[in-house]
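Student: What would the 3D arrangement of this be:
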Amino acid sequence: GREEAVERLRADYDRAYFISGEVDADLYEKDCLFADPFASFRGRDRFVNNLSNLGLFVSKSDCRLLSFEVTGEEPLTVRTRVMVKLELKLPWNPVLAWPWGVEHVYGDGGRIAEHTESWEIDPLEGVKQVFRKGPPGGLRSRK
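Tutor: You can find the predicted model right below:
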């Protein structure tokens, strides 16, 4: 039911699924819509593959869940915000850091039908961070 669907999604966030690649793929409809500020596509398998590939480019990460809200809207909708900091495996060790949000909208079958990401940064500024040299000593994790 609804509670189990929300609990499983929360467990994905506890695992930082977007960095670890450890995603509960069965939470998503097979043809789920995935969108971010740059692109959108349909297909759970492509999403899972993209997540597993992301880990190849990240040397360090620090992620903190800022909010996890079940909106009370119909269909079931969960909105999240995460502070994400990533150090990329590039010679100049750039660090990407910004609050990142996702709206998860569930479909009739009890699985997520839409996964829409938003960044609390201008997308161009986000891209510029890739080309900036990272801080001396790299990304420091919170203790």
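
Student: ok, W98 - contacts?
Tutor: For W98, the contact set (Cβ atoms under 8 Å, 6 or more residues apart in numbering) comprises M83, V84, W119, E120, I121, G126. All C-beta atoms are positioned from the backbone trio N, CA, C, and that covers glycine.

Student: Can you verify it is assigned to a strand?
Tutor: Yes: assigned with DSSP: H, G, I helix; E, B strand; the rest coil, W98 falls within a strand.

Student: What are the contacting residues of stretch 53-70?
Tutor: With contacts defined as Cβ under 8 Å, 6+ apart, stretch 53-70 is touched by 6, 10, 13, 16, 18-21, 76-89, 93, 99, 138-142.

Student: returning to that earlier point: buried only: go through the contacts of W98 for me.
Tutor: V84, W119, I121, G126 (16 or more other Cβ atoms under 10 Å).

Student: Show me what the longest helix seen in the chain is packed up against.
Tutor: The single longest helix within the chain, with elements called by DSSP state H, is helix 2-14. The contact analysis (3 or more Cβ pairs under 8 Å, 6 or more residues apart in numbering; DSSP states H and E) places helix 2-14 against strand 58-70, strand 77-88.

Student: Give the buried residues for it.
Tutor: In helix 2-14, counting by 16+ other Cβ under 10 Å, buried: A5, V6, L9, D12, Y13.

Student: Switch those residues over to JSON lines; also include pLDDT.
Tutor: Output for the buried residues of helix 2-14, formatted as JSON lines (pLDDT from 0 to 100):
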{"residue": "A5", "pLDDT": "94"}
{"residue": "V6", "pLDDT": "96"}
{"residue": "L9", "pLDDT": "97"}
{"residue": "D12", "pLDDT": "96"}
{"residue": "Y13", "pLDDT": "96"}
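
Student: count of residues packed around the nearest residue to R42 once chain neighbours are set aside?
Tutor: Counting by Cβ to Cβ, 6 or more residues apart in numbering, R42 lies nearest to D31, which is 4.9 Å off, once chain neighbours are set aside. As a burial measure, D31 scores 11 neighbours (other Cβ atoms under 10 Å).

Student: show me what contacts D31?
Tutor: Counted by Cβ under 8 Å, 6+ apart, D31 has contacts R42, G43, R44.
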